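J.: structure, please.
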Amino acid sequence: MFNIMKKSLLLVAMSFAVSSMIAQSPFKVTKDAMVKSVESNLGVAPSYKTLEEGASNFHRSRATKLWYSLPQGATYLCWNKEGSGYGASYVMVAPWKEYTFVNASENPTTNKWHFNYLSSSSSSYRDLTENADENGNYTNSLAPGYYQAAPTLCDEQLTDSFTIGYPGAYWGSQDAYKNYFTRVSIDSVATMAFINDHGQAGSSGYGWGSLSSGYLYGTGTIDGSKQNRGIGVCKAVYQDFPKPMSPLYVEDIFVQSKSVTLKPLAENKVLNMYVIATTISDDKIVETKDTIAKLTATPEDFVLFGKEGTSDYSSTGKYQRYTTTFTQKTEDEFGLVSAEPFAIDKPFRVKIVGLDEEGVDFGISQSSGIDEENVWIEEGVFQVYYPDVNETRNHYYTGMTIKFCFTAMFDGVQVADVLEAGEDTFKDCNIITVSNDGTQCKVDLGGDNYLPGVMVYTAQPWTETVSHAEEYYFATELPEWITSLNVDESAYAENGVNLVSVTCSPLPNDVKGRTATFYIQGRGVTSEVPIIVVQGDANPTAIANVKNDAVKANAAAFNLAGQRVNDSFKGMVIKDGKKFMNK
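T.: Take a look at the predicted model:
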């Protein structure tokens with residue numbers, strides 16, 4: 001029989017995870033009231049260029065040459081499908097992952113880093129310069145449920161400063177805009193983009209482009225007569241993106257679109273989008289044969305943006321704006337179609353094809369913003385085929401990207417294998433010892449101290465918070481003798497801590513001992529540290545330090561209705577894009 005550990009010791013053991021957050025002075029996540037996005041005035045875009053004519057100068061700096069870039073693989077919170085959002089810019093990062101703001105100023109080692117917290121009634125700052133590395137860059141990490149002010153980079157004399165994503169489009173009075181200082185944050189599933197669509201970095205003033213339809217990117221033709229190419233037709237558009245800083249769990253991808261025919265997609269027509277892994281070859285970004293996901297949109301996925309029946313006008317005539325949502329779909333044996341999420345953990349390209357097909361007529365909105373904040377992004381491309389010379393050319397607009405938005409999140413899960421309480425350090429805290437009858441378990445901390453389960457930190461609640469019908473985290477590859485996984489998420493939920501234990505079948509008389517190793521899986525992520533279960537006389541030392549070095553980006557499993565299931569689910573499941581029968 002095991003002795004029950006005092007709750008006070010468990011609380012002390014938890015202190016290791018929250019101590020770093022306190023040192024960083026974060027705030028609990030709270031957001032201002034949502035506002036509507038600011039529409040830029042429509043105008044004509046500059047002439048297009050081909051990639052063969054030379055890359056654009058997107059590494060330009062501000063006039064003061066005091067700036068830093070977005071952490072590689074991070075995203076921004078963007079306007080949602082209804083055109084609403086928050087006035088402040090939010091840099092979205094992965095939980096517990098280090099992110100680095102790269103100082104690209106002329107004299108990076110002489111600059112100072114500050115945290116500036118502003119409001120209409122007060123302001124405060126902290127000097128973070130001592131935390132910068134030898135190159136003048138600032139690295140930090142953040143725990144789920146908290147946000148920080150984005151760092152401010154100052155010159156040596158404190159006469160000039162730069163903050164990413166700031167100023168934005170919502171300045172107003174001096175006091176009013178203080179509430180919109182840029183945050184670094186972690187969120188659940190939200191609308192994200194790799195380019196900031198707030199303020200200067202997201203508004204270009206260009207609504208119409210060089211295609212015959214007037215679109216920037218989309219259906220239409222290009223007159224290439226001056227280049228002796230004849231008339232070319234736009235067949236596809238694509239945008240390249242960097243590798244996300246952590247596997248990006250994606251539910252759908254959407255664009256703001258417009259149509260001058262008021263019927264962007266004919267009845268029963270399907271438009272295809274591909275998410276393709278990319279690589280570098282001869283200093284160019286090229287597609288690989290690795291298709292991460294195939295998404296589709298039908299006429300029903302074009303939803304009017306704004307009031308029904310209203311429209312705007314351009315030089316080409318009347319047009320209507322839409323939000324167009326692409327999802328990866330799966331169909332079960334009964335013909336029920338549902339969306340299937342996926343994860344991205346590689347540099348990738350989002351590509352829409354078939355724009356030249358009959359029954360397709362729409363254009364896609366842009367984001368400007370290729371500047372010092374977004375050095376990881378290239379221009380968006382529209383591919384034009386010239387049949388007279390049998391050539392496909394990749395055209396772009398200088399400093400302009402295609403505005404692909406992701407309903408997505410950076411998830412996170414950590415199994416605690418080392419705990420600290422005061423001056424004491426406890427190791428092997430990921431090993432559960434189970435009684436021979438299989439009904440009781442403990443994590444031995446030495447002496448009379450132990451935990452009733454392994455401490456697992458998750459970026460989001462373990463189960464859906466309203467009905468608790470869906471689990472967002474689950475165990476992989478449980479053997480049959482582990483009959484259940486028990487999760488206590490109630491006692492310490494405010495700190496993102498779950499106590500995970502198991503129930504096992506009794507140890508057979510002819511078995512001296514047995515062990516099992518499994519990982520905790522979330523949305524697109526898997527814990528690096530396993531949970532090890534020991535029953536009877538078995539030595540877990542050889543496997544205690546095993547870590548998951550081959551975490552798959554899309555290891556989640558779904559049933560044919562698109563619902564996430566664990567390995568105990570019986571029936572047809574989809575995993576890594578393939579169907580399997582679990583018996």
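J.: in which helix or strand would I find Lys351?
T.: strand 348-353 (DSSP states H and E).
J.: if I look at Thr392, how far off is Val350?
T.: 18 Å (Cβ to Cβ, to the nearest Å). Quick note: C-beta positions are derived from backbone N, CA and C, even for glycine.
J.: of these two, who's got more company?
T.: Neighbours per residue, other Cβ atoms under 10 Å: of Thr392 and Val350, the larger number sits with Val350, 25 against 11.
J.: show me the beta-bridge partners of the more buried one.
T.: For Val350, the beta-bridge partners are Gln239, Val275 (DSSP bridges).
J.: before we move on, the earlier item: what strands line up against whichever helix or strand comes after the strand holding Lys351, and which way round?
T.: Helices and strands here follow DSSP H and E; after strand 348-353, the next one along the chain is strand 363-364. The pairing partners recorded for strand 363-364 under DSSP bridges are strand 217-218 (antiparallel), strand 248-259 (antiparallel).
J.: nearest to Asn430, of those strands?
T.: strand 248-259 (24.1 Å; Cβ to Cβ).
J.: next, the angle strand 348-353 makes with that closest one.
T.: 30 degrees (axes from the mean of the first three to the mean of the last three Cα atoms, to 10 degrees).
J.: give the buried residues for strand 248-259.
T.: Leu248, Tyr249, Val250, Glu251, Asp252, Ile253, Phe254, Val255, Gln256, Ser257, Lys258, Ser259 (16 or more other Cβ atoms under 10 Å).
J.: could you export it as PDB, CA atoms only?
T.: The C-alpha coordinates for strand 248-259 follow below in PDB (Å, rounded to 0.1, in the frame of the first residue of the first chain):
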ATOM      1  CA  LEU A 248       1.900  24.400 -36.700                       C
ATOM      2  CA  TYR A 249      -1.400  22.600 -36.300                       C
ATOM      3  CA  VAL A 250      -3.700  23.800 -39.100                       C
ATOM      4  CA  GLU A 251      -7.500  23.500 -39.300                       C
ATOM      5  CA  ASP A 252      -7.900  25.500 -42.500                       C
ATOM      6  CA  ILE A 253      -6.400  28.200 -44.700                       C
ATOM      7  CA  PHE A 254      -8.400  31.200 -45.800                       C
ATOM      8  CA  VAL A 255      -8.000  34.200 -48.100                       C
ATOM      9  CA  GLN A 256      -9.800  37.400 -48.600                       C
ATOM     10  CA  SER A 257     -10.900  37.300 -52.300                       C
ATOM     11  CA  LYS A 258     -13.000  39.400 -54.700                       C
ATOM     12  CA  SER A 259     -14.900  38.600 -57.900                       C
END
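J.: can I get the buried residues of strand 248-259 in a markdown table with pLDDT?
T.: As requested, those are exported to a markdown table (pLDDT from 0 to 100):
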| residue | pLDDT |
| --- | --- |
| Leu248 | 97 |
| Tyr249 | 97 |
| Val250 | 97 |
| Glu251 | 97 |
| Asp252 | 97 |
| Ile253 | 98 |
| Phe254 | 96 |
| Val255 | 95 |
| Gln256 | 90 |
| Ser257 | 91 |
| Lys258 | 88 |
| Ser259 | 88 |
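J.: among the residues you listed, which two are most distant?
T.: Across these (Cβ to Cβ), the longest gap, 30.7 Å, separates Tyr249 and Ser259.
J.: quick one on the thing from earlier: please save the CA atoms from the strand holding Lys351 in PDB.
T.: What follows is strand 348-353, C-alpha atoms only, in PDB (Å, rounded to 0.1, in the frame of the first residue of the first chain):
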ATOM      1  CA  PHE A 348       6.500  25.200 -47.100                       C
ATOM      2  CA  ARG A 349       4.600  26.600 -50.100                       C
ATOM      3  CA  VAL A 350       0.900  27.300 -50.200                       C
ATOM      4  CA  LYS A 351      -0.200  27.000 -53.900                       C
ATOM      5  CA  ILE A 352      -3.700  27.400 -55.500                       C
ATOM      6  CA  VAL A 353      -4.000  25.900 -58.900                       C
END
